[in-house]
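J.: compute the structure for the input listed below.
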Amino acid sequence: MNMPPNSPPKNIRVYIVEDQIQILKSLLKLLENASGIELVGTALSGESAVVDIPELRPNVVLLDLELPRMDGIAVTREIKTTCPSAEVLIFTVFDNEEKVLEAIRAGASGYLLKASGARKLLEAIHEVHAGGTIIQPNLARKLLRHFHNDTSIETTEEPAPTLTQREQEILLLIAKGVSNAEAAKLLNLSKATIRTHLEHIYRKLDVANRVEAVTEGLRKGIIQL
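T.: Next up, the predicted model:
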């Protein structure tokens, strides 16, 4: 059934997994007062989270990477199995290259450092809910280094896909950790236009998300950092 034309947009349902009480309290204070967000639950451990999440069905899971026993990577795998529609946003104090890559492979939509600040966190939640991927500024270089060190990946001499000047600009901004909203402001475009350009970039590069797009763009020399 169609909603009435004046129906307000639904809030983003957020679930937090954080074992540090003080950090959890700060997150609760921030998200409970944030417009457009509904906090549906919290957990101090991965074990509790994987029980709650299939029942509560949040849109976004804000997940600490360094949990005791069942860590954030294992939790991500379980969430994407039992509740695949939930977007997982890793929230960590450690800029750990290997763990970040593993979390993304497990299905996370990106990661954010805990020192990023309240505004960046709220933007990240909206970004992943809208289908985006959060990349910290240094992650692209790490992904490229990982690609070069991965001997299981075959390289080809195929010519690089042709991106328009605007698409190259947007891909470079993404590689630097800029969100859709920030890119729209910087380029004086609408967020919808940015999303359309991203769809074109993904199709041309034959990728599914921002992380893959940045990696492929760097590998083929389309952009440079």
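J.: contacts made by the helix or strand hosting Leu173 with the rest, please.
T.: According to DSSP states H and E, Leu173 maps onto helix 165-175. By Cβ atoms under 8 Å, 6 or more residues apart in numbering, the residues outside helix 165-175 that reach it are 135, 140, 163, 182-183, 186-187, 194, 197-198, 200-201, 204, 210, 213-214, 217-218, 222-223, 225. (Glycine included, C-beta is placed from N, CA and C.)
J.: and those, which of them are in helices?
T.: Among the contacts of helix 165-175, the members found in helices (DSSP state H) are 140, 182-183, 186-187, 194, 197-198, 200-201, 204, 210, 213-214, 217-218.
J.: Ala108 touches Ile90, doesn't it?
T.: Yes: when contacts are counted by Cβ atoms under 8 Å, Ala108 is listed as touching Ile90 (5.0 Å).
J.: now do the SS call for Tyr111.
T.: strand (DSSP: H, G, I helix; E, B strand; the rest coil).
J.: just for the protein, where's the confidence low?
T.: 1-9, 95, 97, 136-158, 225 (pLDDT under 70).
J.: ok, the ones in helices among the contacts of helix 165-175 vs Val60, which is closest?
T.: Arg210 (16.0 Å; Cβ to Cβ).
J.: so what's the residue count around the closest residue to the closest one other than its chain neighbours?
T.: If the residues on either side of it in the chain are set aside, Arg210 comes closest to Thr133, at 3.6 Å by Cβ to Cβ, 6 or more residues apart in numbering. Other residues lying near Thr133 total 23 when counted by other Cβ atoms under 10 Å.
J.: do the same with Lys10
T.: 10.
J.: same thing with Ser190?
T.: 11.
J.: quick one: contacts for the nearest residue to it once chain neighbours are set aside?
T.: Closest residue to Ser190 apart from its sequence neighbours, by Cβ to Cβ, 6+ apart: Ala184 at 6.0 Å. Ala184 makes contact with 190-191, 193-194 under the criterion Cβ under 8 Å, 6+ apart.
J.: check whether Gly132 sits in a helix, strand or coil.
T.: Quick answer, by three-state DSSP: Gly132 is coil.
J.: pull out the buried positions in stretch 57-64.
T.: 58-64 (16 or more other Cβ atoms under 10 Å).
J.: tabulate these (CSV), appending distance to Val100.
T.: Putting the buried residues of stretch 57-64 into CSV (distance: Cβ to Cβ, whole Å) gives the following:
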residue, distance to Val100
Pro58, 22
Asn59, 22
Val60, 18
Val61, 16
Leu62, 15
Leu63, 12
Asp64, 13
